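**Student:** predicted coordinates and the sequence they were generated for:
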Amino acid sequence: MNVDRKLLPHTFGPWFGRFAALTRVQEESIPHIVRGRDVLICAATASGKTEAYAAPAAERALAHNNAPGTVLIVAPTRALANDLHRRLESPMSLVHVSFGRYTGEHKERTDGELRAVVVVTPEALDSLITRRARALAAARLVIIDEVHVLDGTPRGDQLRVLLHRLARGVRHPLQRVAASATVDRPEELGARYLADPALVVVPGARRLLGRGFDGRHPEAVRAHLDALVEHGFRKVLVFCRSRNQVETLSTKIAGRTRFGDAVYAHHGSLAKIQRERTEGHFLMAQSGVCFATLTLEMGIDIGTVDYVLLADVPADVASLLQRIGRGGRRGDTTRFGFVVEGPAEDHVLRTMLRLGKEGHLAANPYGFRPSVFVQQALTIACQVGYIEAVDIDALVPRAIVSELGVAFGARLLEAIHEAQLLERTGGGRYVPTEAIEARHHRGELHSNFDTAITQSVIDRITGDVVGEVEGIDSRKFELGGRNRDVVKSRDGRILTDAAKGGMPARFRPGAAPSVSFALARAVIEALGVAPACVGIHAAAGEVRLVHGLGTLGGMLLIELLARSGTIVEKDESRAYTTIVARAPEALPRPTDADVTQFVEEHEGKLAQLVAAGPWRRALPRDVHLAALRRSSGLDEIARWLASARFQPLDELSEADTRVLTAL
C-alpha cells in the first residue's frame, strides 16, 4: 500500500510534502499503523522512524477531536522526552494537534487536562495510571520509542505491566507501536511489548569508519581532540562510561584544546536546567566537544555531530552501535574513534564492532524481573487504600504467569508484609505502612531505579540547583564540567560559587558491566579458540584456561574448579580467562544441583549483575532465585560446559599472546 494523502489526510502535505519520497521505513510502517495493527519498527538512526509513527499519531489525535491522552509516546529518559518535544512540537502545531510532555520535570496541560499526544517516561506513566487513571480513559495508541533501552531492565518490565494495566483500564482496543535502532531478535522483542505485531525491519546502510586512539588520561584525550580538529572535525561527542569520567575529562580539558571553552558535560546527576542548557548550547554550536554518559546515547538531536569518540569500551554491542550512531546523522557515513589502553581492549572493541556490523548484539538472555510487582503492589495499595491477592494476579501478563508459581499473589503480599512495607489487616487485605504512604505522597514509588542519598548543589548567584552529588571530598570540586567552591553545606544542600581548580565530586559508581557469554565467546574465538572448546595456554610459568564464559560463567567455572580440587591462582571472576596452578584433567560438568547451589550462594552478586531491581528484597525467595537463574543464562552456560573439550593453544602469535595475558 502506498503512503499518500488518503492514508494521512492531515499530515502528508505539511510533514512530507517537501521531500521527494518517503523513506523505506516510513513506506512500510505507516500503512500498518494507520490500519490499527501493533508494529515493531527496527531501522538505523536518522532513517525517519520518528515521523513514521508520529504522523499516524497526529492523525489518530485529530480523528478523536484532540481528546486528552489519545496518544502516549513513552520515552526512556527525560532528555529524550525533551528532544521528542523539541522535534515534534512544530509539525504537530502545523496540523493543530494538541501536543505536550508529562514527566517529572514538565507537566504540560490545557485547562487541567492532558494534551492529545503526550510524551511520558515510564515513571510518569506509572504516576498517571496510579493517581489520574481517568485522564487516560481516551488512550488508543501507545508508542514506545527506543524500546531496546528499556528492554531487559526493571523499567522495561515495569512498562510491560503498565501496558497490561492500561489495556485493562480502557474500554476500547489499545494499539501499541515500538521503535528501535538496535535489535537482533525482533520477534522476541515484539512479543514482549506488543500483540501479534507487524515487524518492519529495515537494515542500515551507513558506512562505519573508525580508528583507535591510545590512552585515555586527560592529557592523551586532549591530544586526541586536537588531532581531530586538525583533520577538519568541528563538533565532537565523547562518550564516557561514568559520571566521574565525564567530570574529570571535561573539567581538565576545558580551555586546553583547540575547542577553547566550548566544552560541555552531560550526565544524569546534573539538574534539569543544566542538562537542557547543555543540549541547547551544543545543538547551536558551530564547534565544540561534549562529554556525556548514556544520557546522550539515544535519539536526542544535538546538531550536526560529525565525530563520535568512545573514551572507554562500551558495556555491550548495542551500546556501541547506539553511541557511534550519534555521529554523521545527516550523511551516509559514521565516523568515530575509540580510546583504548593496551591490545586486549583494542581486540575486545574490534570484536564488538564486527559483531555489530554482522547484526549480532551478543546480549545477555532476557528474563522478567518480578521485583517490579512489589513496586506495583505498593502503588496500588496507596491508590486504593489496600490490596488483595486478586489485584496482584490481575497485574501479571499472561506470558509470564507460569514463571511465578502457584498462588503468587498471596505469597507476594505476605513477603512484602514480612519486609515491613505492607501491614496485614485480615480478610486477605494489606495496607501500606506509614513510611510507604509518606513515600507515595512524595511521588517516590513510581520508579524502578536503584537510588542513592544525594546532596543538592546550589549556585549562590543564581539560586539554581546545578546537580546532585553523593558527596564532596574538598572545598573545591568539579560538577557540570566546571569548578565550584563550597560556600556553605547544610541539610543536604551545598551552596557554591564558581571557582578555579577542584577535586571530582563523588557519584554513586555503577556496577561494572557484565560481559555476556555470547560476547566473551566471540572475543576468544577471534583468537583461534574453537567454538566448542576451552583453550589451554601455558606461558611464562602460568597456565591459563581460555574459556570465554562471560562474567557469570567465569564465576561458575572458578567455583566448579575449586570443588574438583583445581587450584585457581586468582580467585576472581574473569570473563575470558582463568589462571590455574596446573591444567585440570577434565572440564567440570555442572549438574542442575550445581547451578542451583551457585545461584543460592551468590544471590547478592547475581542480583547486581543482572539488575534484578531495587524492590527484589521483598520478593518470595524462591521466586527471586528462579528469576536470577533465568536472567543470568547460567543454564545455557552449564549445557555448553557439559560437552566442551580442551584445546591446546601452543602456536599463538606474539600479538595474540599479549591480548590473552591481558584478558
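**Tutor:** Received it, and whenever you're ready, just let me know what you need. All figures in this text were calculated on a predicted structure; none of them were measured in a lab.
**Student:** which element is Val119 on?
**Tutor:** Val119 belongs to strand 117-120 when assigned by DSSP states H and E.
**Student:** quick check: what element follows that strand along the chain?
**Tutor:** Assigned by DSSP H and E, the successor of strand 117-120 is helix 122-131.
**Student:** quick check: next helix or strand after that next one?
**Tutor:** strand 141-144.
**Student:** tell me the strands beside that next one, with direction?
**Tutor:** strand 71-74 (parallel), strand 175-180 (parallel) (DSSP bridges).
**Student:** next one: the shortest one to chain centre, how far?
**Tutor:** Between the mean C-alpha location of strand 71-74 and the chain-wide mean there is a distance of 19 Å, by Cα atoms, centre = their mean, to the nearest Å.
**Student:** stretch 58-69 now?
**Tutor:** 31 Å.
**Student:** now that stretch: mean pLDDT?
**Tutor:** For stretch 58-69, mean pLDDT rounds to 97.
**Student:** so what touches that stretch?
**Tutor:** For stretch 58-69, contacts defined as Cβ atoms under 8 Å, 6 or more residues apart in numbering pick out 8-11, 15, 34, 70-71, 91-92, 95-98, 110, 113-118, 135-141. Glycine gets a C-beta too; all of them are placed from N, C-alpha and C.
**Student:** for these, which ChimeraX command selects only the ones that are buried?
**Tutor:** The command below creates a ChimeraX selection of those among the contacts of stretch 58-69 that count as buried (16 or more other Cβ atoms under 10 Å):
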select :8,10,11,15,34,70,71,91,92,95,97,98,114,115,116,117,118,135,136,138,139,140,141
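**Student:** just say which of the strands paired with strand 141-144 is most tucked in.
**Tutor:** strand 71-74 (a mean of 27; mean count of other Cβ atoms under 10 Å).
**Student:** how about the helix or strand that it is followed by: buried residues?
**Tutor:** For strand 71-74, the succeeding helix or strand toward the C-terminus, using DSSP H and E, is helix 78-94. Buried residues in helix 78-94, counting neighbours by 16+ other Cβ under 10 Å, are found at Arg78, Ala79, Leu80, Ala81, Asn82, Asp83, Leu84, His85, Arg87, Leu88, Pro91, Met92.
**Student:** how about these, which pair is most distant?
**Tutor:** Arg78 and Pro91 (21.5 Å; Cβ to Cβ).
**Student:** would you mind measuring from Gly342 to Glu569?
**Tutor:** 21 Å (Cβ to Cβ, to the nearest Å).
**Student:** mind checking what secondary structure Gly553 has?
**Tutor:** helix (DSSP: H, G, I helix; E, B strand; the rest coil).
**Student:** assess the claim that it and His547 are in contact.
**Tutor:** Yes - taking contacts as Cβ atoms under 8 Å, Gly553 lies within contact range of His547: 7.1 Å.
**Student:** quick check: neighbours shared by these two?
**Tutor:** Ala520.
**Student:** show the pLDDT at Gly299.
**Tutor:** Confidence score, pLDDT, at Gly299: 56.
**Student:** oops, could you answer that again for Arg140 instead?
**Tutor:** So, for Arg140, pLDDT stands at 97.
**Student:** surely it and Arg171 touch.
**Tutor:** No - if you go by Cβ under 8 Å, Arg140 and Arg171 don't touch, sitting 10.4 Å apart.
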